[in-house]
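**Student:** model this:
(4 chains)
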2 protein chains.
Amino acid sequence: MIAAMRPLFHPSIEDVTVEAILHALSDPVRVAIYADIVGSQCSQSCSNFLKVSEKAIPKSTLSEHFKALREAGLIRGERHGVEMLNTSRCAEIEKRFPGLIAAIVNAHNVQMKEKTRAGSAGKHKPMRRSARK
Amino acid sequence: MIAAMRPLFHPSIEDVTVEAILHALSDPVRVAIYADIVGSQCSQSCSNFLKVSEKAIPKSTLSEHFKALREAGLIRGERHGVEMLNTSRCAEIEKRFPGLIAAIVNAHNVQMKEKTRAGSAGKHKPMRRSARK
DNA sequence: TTCAATAGTTCATAAAATAAGAACTATTGA
DNA sequence: TCAATAGTTCTTATTTTATGAACTATTGAA
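**Tutor:** Numbers count the residues shown, from 1 in each chain, chains lettered A, B, ... in the order given. All right, here's what the predicted structure looks like:
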């Protein structure tokens, strides 16, 4: 059986839902990627994050993250030569859901700043209380 | 083995993360519940939604949804007699992440209005393209 | 008091979603 | 034509989520 590699799917803006956007951005890796794409004027390639990330995220995982952002309607991915360039669709989303993206990206930045401060002050970050049985 | 039924856990506002908020609100049932709690002045009991919801969500599922909202820091649940009253923590969140809650609730309302319009106009809603193999 | 009713919570497990190594596709440049 | 680069897709293990069943907690009778 031959794998298809169909052209990337992008939902039209009317099919974009709040739930899908929030879900896509509820992952720390994805929100970081997205904030970076929104923040930078030029498009970002997938592999940028592969190299930049501290934790060496597997490329299949990164690919799935980009797919999640794409299918939520947050980014548009276009192949340019050998690499994929990703651009944010924030102008379209802003029309449909005013203020949403700005508020999320801002909240993400607030949180990042706190983390940095906590780190530099030697104060250990409040740990993630999971696995509470 | 006796089940503990420990008092409900509420994170302190500094431990609330954007990711947890977005994840909690990325579920259609939860965002509907939350929008309702934020919208109404008075607190809402869990069972309100049990009765109101069209699809008869099982009470264990509803309980888990309230737990998710609570542990994300979005609501506070207090027992009043036999029932739990849930209030939004949006004032606290607004301080930490300005505009976030308003933008999400607004986006949710935008989407709800669209659905209503589509329904009344007989236009069938664009279907959820899942299971794209 | 004890008991039934109400309003949940917690447990157990089935079903769905996610992560990541391996294999594959697509494009470019030698 | 072939190797290199940059992803995508497949497969399977792990994690998460949903829900019926069993349990807890509070109230208001009898």
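**Student:** from here on, just use CA atoms for contacts and neighbour counts.
**Tutor:** OK.
**Student:** tally of neighbours for A:Ser12?
**Tutor:** 10 (other C-alpha atoms under 10 Å in any protein chain shown).
**Student:** same check, this time on A:Gly99
**Tutor:** Neighbours of A:Gly99 (other C-alpha under 10 Å): 18.
**Student:** cool, the one 3 residues further on as well?
**Tutor:** Burial of A:Ala102, expressed as a neighbour count using other C-alpha under 10 Å, amounts to 17.
**Student:** are we agreed that A:Ala32 is in a helix?
**Tutor:** Yes - assigned with DSSP: H, G, I helix; E, B strand; the rest coil, A:Ala32 falls within a helix.
**Student:** low-confidence ranges in chain A?
**Tutor:** Of all residues in chain A, those with pLDDT under 70 make up the ranges A:1-5, A:41-44, A:46-47, A:49-54, A:119-133.
**Student:** get me the contact residues on it for chain B.
**Tutor:** Where proximity means C-alpha under 8 Å from any C-alpha of the partner chain, the interface of chain A facing chain B comprises A:15, A:17-23, A:25-28, A:96-100, A:103-104, A:106-108, A:110-111, A:126.
**Student:** backbone dihedrals for the residue in chain A that DNA strand C sits nearest to, please?
**Tutor:** Shortest chain A-to-DNA strand C distance, computed as C-alpha to the nearest atom of the strand: residue-wise this is A:Gly81, at 3.5 Å. When quoted as degrees, to the nearest 10, the phi and psi of A:Gly81 stand at phi 60, psi -130.
**Student:** in the helix or strand that A:Gln111 is a member of, what's buried?
**Tutor:** In this structure, A:Gln111 is located in helix A:100-120 according to DSSP states H and E. Within helix A:100-120, the residues that count as buried by 16 or more other C-alpha atoms under 10 Å in any protein chain shown are A:100-109, A:111, A:115.
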